[in-house]
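Undergrad: sequence first, predicted coordinates after that:
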Amino acid sequence: MVVRDTGIGIAVEDQQQIFEAFQQVGKGTVGKTEGTGLGLALTKKFIELHGGQIWVESSLGKGSTFTFALPIVGTTNNMRLSAVRQRALREDVNEENSTKPLVLIIDDDTKAAELLRLYLTEAGYAVAIARDGQAGLEQLTQRVPDAIILDVLLPKMDGWTLLSQIKANPTTKYLPVIIASIVDQKGKGFALGAVQYFIKPVRREELLSGLSALQLSERSGKASHAS
């Protein structure tokens, strides 16, 4: 599959950078650069999960050509990959029976939440996602995760209110809550009970390092809450 445009083009030294999360190029050109810098990073991840590749050819002032290729359906490699994907989907749907530590992401930014999901699933975590504060609270009444990644700016119930309710509930008060937000109010976050506070965009290395410090992998998928 090939997609071409007649835009400003991409310099050779920037052509790999555009596939990295939260990266944008061409900011010095005329006009405002829109977007979060997640589109191409997610596209590359999804294509690679299907066993494919994506690349770009471009010249400044002459536009860009994006090409991606996927394995032919029915090949041995593709069948093997399909089995892996189906197993991953079953595990994702059935997190409560998984031995993997379960992380609940509460974030209404679809692209940011999906990128965090990719980071976590690749690192061996099970993941659930809630798109607003109220949905996050409802999920916590159904199953208790091992950790929560919480945004502050949420519809229906903001992150501060939700964090306060989590810490006021005897069932969830000991859950480690990591805040990941564009709102820089670390003092308030820690005062309300957050164990870590990241300013978006969150890098893969800092997120996984933060979770590793919680030693969730040693709990066999079940949080050990002290009383």
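TA: Cool, the structure landed.
Undergrad: in contact with Asn169, which residues?
TA: Leu140 (Cβ atoms under 8 Å, 6 or more residues apart in numbering). To be clear about C-beta, it is placed using only N, CA and C from the backbone, and glycine gets the same treatment.
Undergrad: one more pass at 10 Å, please.
TA: 137, 140-141, 175 (Cβ atoms under 10 Å, 6 or more residues apart in numbering).
Undergrad: tell me the contacts of the residue nearest to the spatial centre of the chain?
TA: Centroid check for the chain by Cα atoms, centre = their mean gives Leu116 as the closest residue, at 1.3 Å. Neighbour list for Leu116: 103, 105, 107, 109, 127, 129, 149, 180, 202, 204, 207 [criterion: Cβ under 10 Å, 6+ apart].
Undergrad: any of the contacts of Asn169 buried? List them.
TA: Neighbour counting with 16 or more other Cβ atoms under 10 Å marks 137, 140, 175 as buried within the contacts of Asn169.
Undergrad: quick check, the last one in a strand?
TA: Read it as Leu175. No - counting by DSSP: H, G, I helix; E, B strand; the rest coil, Leu175 is not found in a strand; it is coil.
Undergrad: give me phi/psi at it?
TA: Main-chain torsions, Leu175, degrees, to the nearest 10: phi -70, psi 130.
Undergrad: dihedrals phi and psi, Ala126?
TA: According to degrees, to the nearest 10, Ala126 has phi -90, psi 150.
Undergrad: what is the burial count for it?
TA: Counted with other Cβ atoms under 10 Å, the neighbours of Ala126 add up to 22.
Undergrad: mind listing the helices for the protein?
TA: Ranges of helices in the chain, per DSSP state H, are 39-49, 76-93, 110-122, 133-142, 159-168, 186-192, 204-213.
Undergrad: centre of the chain to the shortest one, how far?
TA: This means helix 186-192. 23 Å (Cα atoms, centre = their mean, to the nearest Å).
Undergrad: could you shift the numbering so residue one becomes 840, and keep it that way?
TA: With 840 as the first residue, the last one maps to helix 1025-1031.
Undergrad: which residues does it contact?
TA: 989, 991, 998-1003, 1005-1006, 1016-1018, 1020, 1022, 1024, 1033-1038.
Undergrad: average pLDDT across it?
TA: Average pLDDT, helix 1025-1031: 94.
Undergrad: pLDDT score for the closest residue to Gly878 other than its chain neighbours?
TA: In space, and not counting its chain neighbours, Gly878 is closest to Lys950: 7.4 Å by Cβ to Cβ, 6 or more residues apart in numbering. Looking at Lys950, its pLDDT reads 86.
Undergrad: and this protein, what are its domains?
TA: 841-908, 938-1058 (automatic domain parsing).
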